[in-house]
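Q: Prediction below, plus the sequence it came from.
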Amino acid sequence: MEIKTDPLTHPQVLELLQQHLNDMNSNSPEESVHALDVSGLKHPSVTFWTVWEDEQLLGCGALKQLDQHHGEIKSMRTTALARKQGVASKLLEHIIEHAKGEGYQRLSLETGSMAFFSPAHRLYHRYRFNECEPFGDYQLDPYSLFMTREL
């Protein structure tokens, strides 16, 4: 597996991000969907990575700078074929190490609270993320689960 900083132009990447947005919109009310679209992921405050094996896309994820010491994990997604192969773990480890290297002291994330998101909950708990109050511009929402961890 190779993790690359990605310019968000490859058709496989754009298709995976569209699948991600479609799933978020089909599992959460519109006002509770906080996934970034491609333009949001291209913002200078966001670093976006993809995971590849040869020419096959396996997954993606991003880190958004909230302030000098706090980052938010965004758009974590693995392809259907790559699920349960350690792709998300490898990418999350990469994001955590990158955040440490940037001097962040905290990483946070928002994910859905419903059963559909249980695999994500398990992944983040394994990496010592704990539930927390809304952060940044988020508001309390029964469809959202907020998590954070100190670095």
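A: Thanks, I have the structure now. Numbering: from 1, shown residues only.
Q: buried stuff in stretch 129-146?
A: By 16 or more other CB atoms under 10 Å, the buried positions in stretch 129-146 come out as F129, F135, D141, Y143, S144, L145, F146. For glycine as for every other residue, the C-beta is placed from the backbone atoms N, C-alpha and C.
Q: sorry, that was for stretch 94-109
A: Counting neighbours by 16+ other CB under 10 Å, stretch 94-109 gives H94, I95, I96, H98, A99, Y104, R106, L107, S108, L109 as buried.
Q: which one of the residues you listed sits closest to Q19?
A: Here the nearest of the buried residues of stretch 94-109 to Q19, counting by CB to CB, is L109; it sits at 19.2 Å.
Q: what residues are up against L91?
A: Residues near L91 by CB atoms under 8 Å, 6 or more residues apart in numbering: I3, W49, V51, G59, C60, G61, M76.
Q: Which helix or strand lies directly C-terminal to the helix or strand hosting the first one?
A: In this structure, I3 sits in strand 2-5 according to DSSP states H and E. Taking DSSP H and E as the definition, the helix or strand that follows strand 2-5 towards the C-terminus is helix 11-27.
Q: now that next one, how far from the centre of its chain.
A: Centroid displacement of helix 11-27 relative to its chain, using CA atoms, centre = their mean, to the nearest Å, is 13 Å.
Q: Show me what that helix is packed against.
A: In terms of contacts (3 or more CB pairs under 8 Å, 6 or more residues apart in numbering; DSSP states H and E), helix 11-27 is packed against helix 38-41, strand 56-67, strand 70-78.
Q: possible to save the buried residues of stretch 94-109 as JSON lines with pLDDT?
A: Output for the buried residues of stretch 94-109, formatted as JSON lines (pLDDT from 0 to 100):
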{"residue": "H94", "pLDDT": "98"}
{"residue": "I95", "pLDDT": "98"}
{"residue": "I96", "pLDDT": "98"}
{"residue": "H98", "pLDDT": "98"}
{"residue": "A99", "pLDDT": "98"}
{"residue": "Y104", "pLDDT": "98"}
{"residue": "R106", "pLDDT": "98"}
{"residue": "L107", "pLDDT": "98"}
{"residue": "S108", "pLDDT": "98"}
{"residue": "L109", "pLDDT": "98"}
